[in-house]
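S.K.: The sequence isn't on hand, but the structure is:
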């Protein structure tokens, strides 16, 4: 009887440890729901093939068709992305879309549409794609990565 309870206790501890945290390549999120931790934020990192492209994104979004929303956006990277867990959406001053965590909580399907897409403005997320979560902290910092058109993109929100 004692041996069975020891085995049950050990299995309980192991399963609690296994199901109680999400392991990402750059960190572990212990005992937190990833959808609750991420609340949105500003883009603080944008790389293509490991090369920083923050300045390129800022420069691109200063001109038409990117910066034509009824009011001028001085710096696109100062714009806050808002995440709504209830309806799995993400939005900002220049677009909105879906932001759905996978069942395993290790990737996110992002389908984002710019307000000016009909004028040829390119999506900041490039295309509708599954993004792998590299890092997600309890304070909401999120780093994601996707391979789109044979190029590796990485974006971080703080």
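M.R.: Thanks, I have the structure now. Note that this is a predicted model, so its numbers are computed, not measured.
S.K.: which stretches of the chain have low pLDDT?
M.R.: Applying pLDDT under 70 to the chain picks out residues 1-22, 25, 27, 30-31, 66-72.
S.K.: Give me the nearest residue to residue 26, chain neighbours excluded.
M.R.: Among residues not flanking residue 26 along the chain, residue 135 sits closest, at 3.9 Å (Cβ to Cβ, 6 or more residues apart in numbering). To be clear about C-beta, it is placed using only N, CA and C from the backbone, and glycine gets the same treatment.
S.K.: For this structure, just list every one of the strands.
M.R.: 21-24, 27-30, 40-41, 43-48, 51-52, 81-84, 89-92, 95-101, 107-114, 129-136, 142-148, 151-157 (DSSP state E).
S.K.: Please work out how many residues are found near residue 129.
M.R.: Residues near residue 129, counting by other Cβ atoms under 10 Å, number 20.
S.K.: where's stretch 91-98 relative to the chain centroid, distance-wise?
M.R.: Between the centre of stretch 91-98 and the centre of its host chain there is 13 Å, according to Cα atoms, centre = their mean, to the nearest Å.
S.K.: what's the first-to-last distance across that stretch?
M.R.: 9 Å (Cα to Cα, to the nearest Å).
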